Structure formats: C-alpha cells, structure tokens
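how would this look folded up:
(2 chains)
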Amino acid sequence: GAVVSQHPSWVICKSGTSVKIECRSLDFQATTMFWYRQFPKQSLMLMATSNEGSKATYEQGVEKDKFLINHASLTLSTLTVTSAHPEDSSFYICSAHRPGNSYEQYFGPGTRLTVT
Amino acid sequence: EDQVTQSPEALRLQEGESSSLNCSYTVSGLRGLFWYRQDPGKGPEFLFTLYSAGEEKEKERLKATLTKKESFLHITAPKPEDSATYLCAVQARNDYKLSFGAGTTVTVRA
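Just a heads-up that it's a prediction; the model follows:
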C-alpha cells in the first residue's frame, strides 16, 4: 500500500503558541490531501481538503485563520495550528489521495497535539 | 448530507467466534464505500473499497459486502490480533472526501 508519513508524531505546546504538522506522501504524488481531527472515542472529522498549488477548502465550522493549510508540493502538505488553546488538543491525521483508477485515501500515523 | 451509521458500537468476541459489523449509509450518488482498521493511537489502515451493490472483497479473515443501503464486514474465526476499531466511510461521486461512521470497536479474547 501507499505510504504517508506525519511529523511530529506528538507535540506539546503552550497556550497561545503555534505548531506546524507535516504530512508527506512517500511513494506517490498526491494532488489532494485531507486533514482530519479525532477526539478520544470519536470518529474522524474532516477539517479541510488541501489541493496542491491552490487554497484549501475548509469544512463548515473550521476556522481557516486558525488552521492554516499549505500544499506547496505534490508530496507535502502542512497544517499550522495558530494561537493554540487547550481545546485544540486532539489527534490530527492526514490522508492522501493516490491518483489512478482507484479512489482510496491512505492515512498517516497521526499527530497527537497537547496544548497546556 | 452524507450519513454513515455503524453498529454495534462495540463487539466482544471469543477467539474463533465469527461475527458481522454493519455500516448503513445514505449518500447522493455513491462512488465508493471504504473500510479501514484503526488501532489505538494510530492512523486508519486501508482494508477495502467497494464500488457497486453485490460486490464482495476478502482479505484473510475479513470479508466485505455491499448493498444499495448498507455494507457488512464479516470476521471469520477471529484472532486476538483482529482487535481494533473498524471504520466505514463513504465517498460521493462529486467529491474525493470521505464521510466516516463512528466505528465499531472489536475485542477478541483468547
């Protein structure tokens, strides 16, 4: 299967600071990547769709100025949580759509963000 | 709006005790239905994609089936290593994004 990596795997930051999470597709080029958030015992909630070379599309209720997404290359998308607060603590997971005949998305291992 | 409902919420099985997980969905034009496995603290691992009613796919002890309204994931003679949360998601024809169900957490006891 396709490989998607995330960095860091976990991060602790202080309230009011910003943190950047990277998502890379290692063995294929991904024109579209997705960012999800998962709270404990809950399912994945889509935050935004990231398209290479264009602005991200955010889901309703997701603040675009707080969650900055950049998809600068075909293998890298970044999510920056700006002015983080404790309620932003969550498990952030990215996925990448592998172009071709199928429509599968391959997920990264996730990043655990804790805001103190 | 796409909706995905999974049942049961949790399933406890004895090793070797076969069972099925249900995923009911409503979507405006289904492109595909996806099954993923998620272990605690990790990202989802792709299992299957089903595209049309009547389609079936198998992988080791897992078999996924699809009708026009629901999908089933059958676990045959499960082992403890099959313990995980199984997620179902749908993708509409006009979009690439996935809408996930809440998942079924399966625990297999030796």
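
hmm, stretch A:93-109 touching chain B?
Yes. Figure legend: stretch A:93-109 in contact with chain B (CB under 8 Å from any CB of the partner chain); contacting residues A:93, A:95, A:97, A:102-109. Heads up, the C-betas are built off the backbone N, CA and C, glycines and all.

now those in a markdown table, with secondary structure?
Formatted as a markdown table, the residues of stretch A:93-109 next to chain B follow (DSSP: H, G, I helix; E, B strand; the rest coil):
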| residue | secondary structure |
| --- | --- |
| A:93 | strand |
| A:95 | strand |
| A:97 | strand |
| A:102 | coil |
| A:103 | coil |
| A:104 | coil |
| A:105 | strand |
| A:106 | strand |
| A:107 | strand |
| A:108 | coil |
| A:109 | coil |
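
Next, the contact list for the residue in chain B positioned nearest to chain A, please.
Closest approach of chain B to chain A (CB to the nearest CB) occurs at residue B:43, with a separation of 3.9 Å. Contact analysis of residue B:43 by CB atoms under 8 Å, 6 or more residues apart in numbering or on different chains lists A:4, A:6, A:93, A:95, A:107-110.

let's go with 7 Å and repeat that
A:93, A:107-110 (CB atoms under 7 Å, 6 or more residues apart in numbering or on different chains).

same deal with residue A:60?
Contacts of residue A:60 (CB under 7 Å, 6+ apart): none.

Please report how far it lies from residue B:72.
31 Å (CB to CB, to the nearest Å).

likewise residue B:4?
Taking CB to CB, one finds residue B:4 at 14 Å from residue B:72.

Have a look at the two and say which one is more surrounded.
residue B:4 (22 against 16; other CB atoms under 10 Å in any protein chain shown).

Dig out what that one forms beta bridges with.
residue B:25 (DSSP bridges).

ok, it - contacts?
Contacts of residue B:4 (CB under 7 Å, 6+ apart): B:23, B:25, B:88-90, B:99-101.

ok, 8 Å please
Applying CB under 8 Å, 6+ apart, we find residue B:4 in contact with B:23-25, B:88-90, B:99-101.

between these, which has the most around it?
residue B:88 (31 neighbours).

host element of the residue nearest to it when sequence neighbours are not counted?
If you skip the residues right next to it in sequence, residue B:88 has residue B:23 as its closest partner in space, 3.5 Å away by CB to CB, 6 or more residues apart in numbering or on different chains. Using DSSP states H and E, residue B:23 sits within strand B:19-26.

need the next SSE after that strand, C-terminal direction.
strand B:30-38.

Can you list the buried residues in that following strand?
B:30, B:32-38 (16 or more other CB atoms under 10 Å in any protein chain shown).

Any idea what residue 49 is bridged to?
In the absence of a named chain, chain A is used. Following DSSP bridges, residue A:49 is listed with bridge partners residue A:34, residue A:57.

hmm, I had chain B in mind actually
Counting by DSSP bridges, residue B:49 forms beta bridges with residue B:34.
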